[in-house]
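# Sharing a model that was predicted from the sequence below.
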Amino acid sequence: MNLKFSHAGIDFEGISEGGIRTSIAIPRYSLLFDIGAIQHEKIHLENVLVTHGHLDHAAGIPYYISQRSLQKLKPPNIYVNEDMYENTKKIIELYSEIEGFAYNYNLISTPTNKEFALSPNTFFKAHKTTHRIPSQGYTIFEKVKKLLPEFADLKGSEIVELKAKGETLTEDKETPLVSFSGDTQIEYILDHKEVRESKILFLECTYVDSDRNVERARAWGHTHLDEIIAHAKEFNNEKIVLIHFSKRYKHSFIKDIVRKKTPDILKGRIHCFLP
Ligand SMILES: [Zn+2]
Ligand SMILES: [Zn+2]
């Protein structure tokens, strides 16, 4: 049932169905984007980045904590937006009471634009999204040492020599690797350069046809395929993976319409996260 996608050495695995369930794992960073589906075989991953409180994105939080507590795994880090923090905490504590044992977890209120470390050279930031309730997307960054431009033409041996003399040859560059939109209107893309520059973008595309048009998609806080196409030039991502399609469409219909509407500039870069 789980689907897979890989690019630039990063593997993704999970499921996303609009209004039903969304949860995408990245084992490399030990994290799940959203937990609206229970991926029991991914319970060992230690971080969950929750975009918003709709249950198709958040229903698995207590179950995940409960399972990890029973298995005596390390307390996981669950990142939620500031607005849903208090109520989420209450729900978790109520379930702990119902189940009759202590839950071990870190629930983290996650303001936008603040850096949270995943590893020594990886961190993530939340960016505001526009939905019907408070929501945010996430971008994972990698810090890499880049040779300063003035040394770019040197030979390997010359670089080694300068390094030995204690010269500073590199600077830290932050590269946005992966962005995940959760549910949002197109503004999430248009307002955040880091999202448009991410190597890989997981982007919601709930509606694709004229029965559910742009206006209606916007009224429900979602993105329509036509808006992605209309703003095709804005996307600098190597790969754009479309998720969260409405269940009203057949998979073959979605793939067909996406293929037909994709302009040349996005050809080979857009993928539907479908079987
Ligand atoms: Zn949703
Ligand atoms: Zn939602």
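Received it, and whenever you're ready, just let me know what you need. Ligands and ions are numbered 1, 2, ... in the order given.
# Kindly report the residues of the stretch 151-275 of the chain close to ligand 2.
Applying Cβ under 5 Å from the ion, we find that the stretch 151-275 of the chain lies next to ligand 2 at Asp183. Glycine gets a C-beta too; all of them are placed from N, C-alpha and C.
# Could you rerun that using 8 Å?
With Cβ under 8 Å from the ion as the criterion, the stretch 151-275 of the chain meets ligand 2 at residues 182-183, 221-222.
# which residues does the residue nearest the centre of the chain form a beta bridge with?
In the chain, the centroid-proximal residue (Cα atoms, centre = their mean) is Phe180; its distance is 2.4 Å. Per DSSP bridges, the residues bridged to Phe180 are Tyr138, Phe202.
# Test my guess that it contacts Gly137.
Yes. At 5.8 Å, Phe180 counts as touching Gly137 under the criterion of Cβ atoms under 8 Å.
# Give me the common contacts of the two.
Common contacts of Phe180 and Gly137 (Cβ atoms under 8 Å, 6 or more residues apart in numbering): Thr51.
# Show the contacting residues for Tyr105.
65, 68-69, 75-76, 78, 92.
# Among those residues, which are located in strands?
Taking DSSP state E as the definition of strands, the contacts of Tyr105 contribute Ile78.
# which one of the contacts of Tyr105 is nearest Leu154?
Set against Leu154, the nearest of the contacts of Tyr105 by Cβ to Cβ is Pro76 (45.5 Å).
# Could you check how many residues crowd around the closest one?
Using other Cβ atoms under 10 Å, Pro76 has 24 neighbouring residues.
# Quick one: residues contacting the closest residue to it other than its chain neighbours.
Distance criterion Cβ to Cβ, 6 or more residues apart in numbering; nearest residue to Pro76, sequence neighbours excluded, is Glu46 at 5.2 Å. Counting by Cβ under 8 Å, 6+ apart, Glu46 touches 30-31, 74, 76-77.
# again, only using 10 Å
By Cβ atoms under 10 Å, 6 or more residues apart in numbering, Glu46 lies in contact with 29-32, 68, 73-78, 106, 118.
# now do Ile270
Contacts of Ile270 (Cβ under 10 Å, 6+ apart): 203, 205, 225, 228-229, 232, 235, 237, 239-242, 258-259, 261-263.
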